[in-house]
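In: sharing a model that was predicted from the sequence below.
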Amino acid sequence: MPLYYAYALLAVFYALLVLEFMIPSGGLVGIAAVVIVVAALAVAFTHSTTAGVTLLMLVAATTPLVFIGVIHVWPHTPIGRRILNRRPGQTYDGRSQRKLADGTPLDELVNQRGVAKTNMLPSGLILIDSRRVDAVSEGMAIDAGTQIVVTKIEAGKIHVRPLSVEEISVVEEPQQPRSPDSLENPPENFDFDALA
């Protein structure tokens, strides 16, 4: 068999290798690519040992380069954008903020206080500003009803710890707006003429 059959099969192998990334085939195109490269090597070795070893070294050297190239280009293809859930022109920088269902960025929850709604062993529900949120404790179990503070946001997870006794005693009480001293003054002190 002529040697150019082996090189033609090698070209088909690389085409199938690229198609494996572009077509969701469940690996069937990849299996076909492996069968084709084995056939190309068999044809090369039947021609001569030198041709077989040369083709084997060529496959070993260029296949990783094709993989790297396809992986670099794949996120910009239509199927890559669809799988990565990107719109055309949208890039991912790794720093995009995650948000709660109401649109509040998770970073705004750091240092906020709340109450554990469920036992956290180590994860559970917490209540912060009348919002129920999933959270993870920092290594210890937290009983339901315990006051907590958000310590950090890591990998989209809210990390909390229980408040210490000192922190609970320092919790600021909300200040009620004071009404004017109208009830403390006797009616004689009012200037009813100014109202007319």
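Out: In hand now; what should we look at? Residues are numbered from 1 along each chain as shown.
In: state the number of residues packed around residue 12.
Out: Here the number of neighbours of residue 12 (other CB atoms under 10 Å) works out to 16. C-beta: built from backbone N, CA, C; applies to glycine.
In: show me what contacts it?
Out: residue 36 (CB atoms under 8 Å, 6 or more residues apart in numbering).
In: again, but for residue 112
Out: Applying CB under 8 Å, 6+ apart to residue 112 gives the contacts 128, 129, 149, 150.
In: how about the nearest residue to the last one, chain neighbours excluded?
Out: In this structure, residue 150 finds its nearest non-sequential neighbour in residue 109, 4.7 Å apart by CB to CB, 6 or more residues apart in numbering.
In: could you do the third one as well?
Out: The shortest distance from residue 149 to any non-neighbouring residue, by CB to CB, 6+ apart, is to residue 113 (5.1 Å).
In: my guess is the one you found contacts residue 151, does it?
Out: No - here residue 113 does not reach residue 151: they are 11.2 Å apart, not a contact under CB atoms under 8 Å.
In: tell me what the closest residue in space to residue 132 that isn't next to it in sequence is bridged to.
Out: Distance criterion CB to CB, 6+ apart; nearest residue to residue 132, sequence neighbours excluded, is residue 125 at 5.4 Å. Per DSSP bridges, the residues bridged to residue 125 are residue 134.
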